[in-house]
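Novice: Got a predicted structure here, sequence first:
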Amino acid sequence: MSATEVNTQQLDEFIDALWLEDGLSRNTLTSYRADLVRLVKWLDQKNRKNMQLTAITQADLLAFLSGRIAQGVKTSTTCRELTSIKRFYRYLLRQEKIAVDPASNIDSPKISHRLPASLAESEVEKLLAAPNIQLPLGLRDRTMLEILYAAGLRVSELINLTVSQVRIDMGVVRILGKGNKERLIPLGEEALYWLDRYQREARLTLLSGRLSDMLFVTTRGSAMTRQAFWYLIKRYAQQVGIVKPLSPHTLRHAFATHLLNHGADLRVVQLLLGHSDISTTQIYTHVARERLKQLHTRHHPRGAL
C-alpha cells in the first residue's frame with residue numbers, strides 16, 4: 001500500500017472516530033478533513049509523497065504552519081488547522097500508531113479577539129421587514145429571518161429544521177446542535193406569528209404536493225443550502241441600505257448582543273446559543289459594553305470630550 005493510500009485510510013478512520021465518539025456535524029467533519037488534507041498536499045509539494053503522516057516530526061509541522069502564515073493565511077485559520085492536527089495526532093497516539101505526538105508541544109499563535117459584527121436593533125427591524133410577504137418565498141424568508149433572530153440559531157441549524165422540531169403550542173424550538181447536544185429555545189410571539197402564518201399560507205404552496213419533513217423548503221421541495229440563505233441575507237441587506245460587512249452569524253451575534261443590552265444573564269445567553277464554554281459567550285459582553293459607551297458618549301451631557 002502506498003503512502004498516499006495509508007494516509008487516506010488513516011484520515012478516514014480518524015473522521016469515523018470523531019463521528020462515533022463526538023457526533024460532530026457533517027460540516028465540522030468536513031472541516032477537519034480539509035485541514036489534514038492540506039497538510040498531505042504540503043508534503044506532496046515538498047516532494048515527500050512517500051511520507052506517511054505517522055512519520056511527520058514536530059519540525060515538519062512547524063514548517064507547515066509557518067508556511068501557512070507566510071502565505072498570509074489568517075491567524076484564526078492557522079489556529080483551527082493546528083487544532084485539527086493536534087486532535088489527529090492524539091488519536092494516532094491512542095491507537096498506538098505513533099510513539100510520540102509531534103504536535104503536543106506546539107503552541108497556537110496568539111490571535112486578537114475581534115468583536116463579532118452585529119446590527120443595531122433598528123437595522124434588524126429593517127432587515128426583517130425586507131422580504132415581500134405577499135409572495136410565498138417572501139413569507140418563507142421573513143419567517144426564517146424572524147426565527148434566526150428570535151432564537152439565535154446557527155444558519156446550519158435553521159436550514160435543517162424539521163417540522164417536528166418546532167412546537168407552536170409550546171412556543172419552543174428543539175435544536176440538536178454541535179456534538180448532538182440538544183437545547184430547547186423559546187420563540188417570541190412575533191416569531192411564532194410568522195411561523196404559523198408561513199405554515200398555513202406558504203409552505204404547502206412551495207411544496208406543490210411534494211412530501212418533506214423539512215420546515216423551510218425551496219420551490220423544488222428541498223431544504224435550502226447555507227450558501228443560498230446567505231445570499232438572501234446579503235440581498236435583503238442591500239435592499240434596505242445596510243452597507244456594513246455581514247457574516248452568516250450576523251443575526252446570531254445580534255441576538256446575543258441585544259439580549260445582554262437588555263439585561264439578560266450571561267449564563268442564560270450561553271445556554272441559548274449552545275456554547276459549551278462560557279468564555280465563548282463572554283465576547284458578547286465586550287460588544288454590549290462598547291454599545292453602552294457609545295450611548296453614554298452620545299447622550300450624557302459630559303459624555304463627549
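Specialist: Arrived safely. Residues are numbered from 1 along each chain as shown.
Novice: Please make it C-alpha for all contacts and neighbour counts, starting now.
Specialist: Will do.
Novice: where in the stretch 101-250 of the chain is pLDDT low?
Specialist: 109-117, 177-180, 248 (pLDDT under 70).
Novice: who touches stretch 137-152?
Specialist: Contacts to stretch 137-152, defined as Cα atoms under 8 Å, 6 or more residues apart in numbering, come from residues 128-133, 153-155, 158, 185-188, 190-191, 194-195, 198, 202-203, 206, 216, 218, 251-256, 272-273.
Novice: Just the residues you listed: which are in helices?
Specialist: Counting by DSSP state H, the part of the contacts of stretch 137-152 found in helices is 128, 155, 158, 190-191, 194-195, 198, 203, 206, 251-256, 272-273.
Novice: Filter those residues down to just the buried residues.
Specialist: For the ones in helices among the contacts of stretch 137-152, a burial check counting by 16 or more other Cα atoms under 10 Å picks out 128, 155, 158, 191, 194-195, 198, 203, 206, 251-256, 272-273.
Novice: Show me the helices in the stretch 101-250 of the chain, by range?
Specialist: All helices of the stretch 101-250 of the chain, identified by DSSP state H, counting those that start in this stretch, fall at 121-128, 136-151, 155-159, 189-201, 203-207, 226-239, 250-261.
Novice: Return the longest one as PDB; C-alpha atoms alone will do.
Specialist: In this case it means helix 136-151. In PDB, the C-alpha atoms belonging to helix 136-151 read as follows (Å, rounded to 0.1, in the frame of the first residue of the first chain):
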ATOM      1  CA  PRO A 136     -44.800  32.500  -0.700                       C
ATOM      2  CA  LEU A 137     -41.000  32.800  -0.900                       C
ATOM      3  CA  GLY A 138     -41.000  36.200   0.800                       C
ATOM      4  CA  LEU A 139     -43.200  34.800   3.600                       C
ATOM      5  CA  ARG A 140     -40.700  32.000   4.000                       C
ATOM      6  CA  ASP A 141     -37.800  34.300   4.100                       C
ATOM      7  CA  ARG A 142     -39.400  36.600   6.600                       C
ATOM      8  CA  THR A 143     -40.100  33.600   8.900                       C
ATOM      9  CA  MET A 144     -36.600  32.300   8.600                       C
ATOM     10  CA  LEU A 145     -35.100  35.700   9.500                       C
ATOM     11  CA  GLU A 146     -37.500  36.100  12.400                       C
ATOM     12  CA  ILE A 147     -36.600  32.700  13.800                       C
ATOM     13  CA  LEU A 148     -32.900  33.200  13.300                       C
ATOM     14  CA  TYR A 149     -33.000  36.400  15.300                       C
ATOM     15  CA  ALA A 150     -35.500  35.200  17.900                       C
ATOM     16  CA  ALA A 151     -33.700  32.100  18.700                       C
END
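Novice: Perfect, I'm done here.
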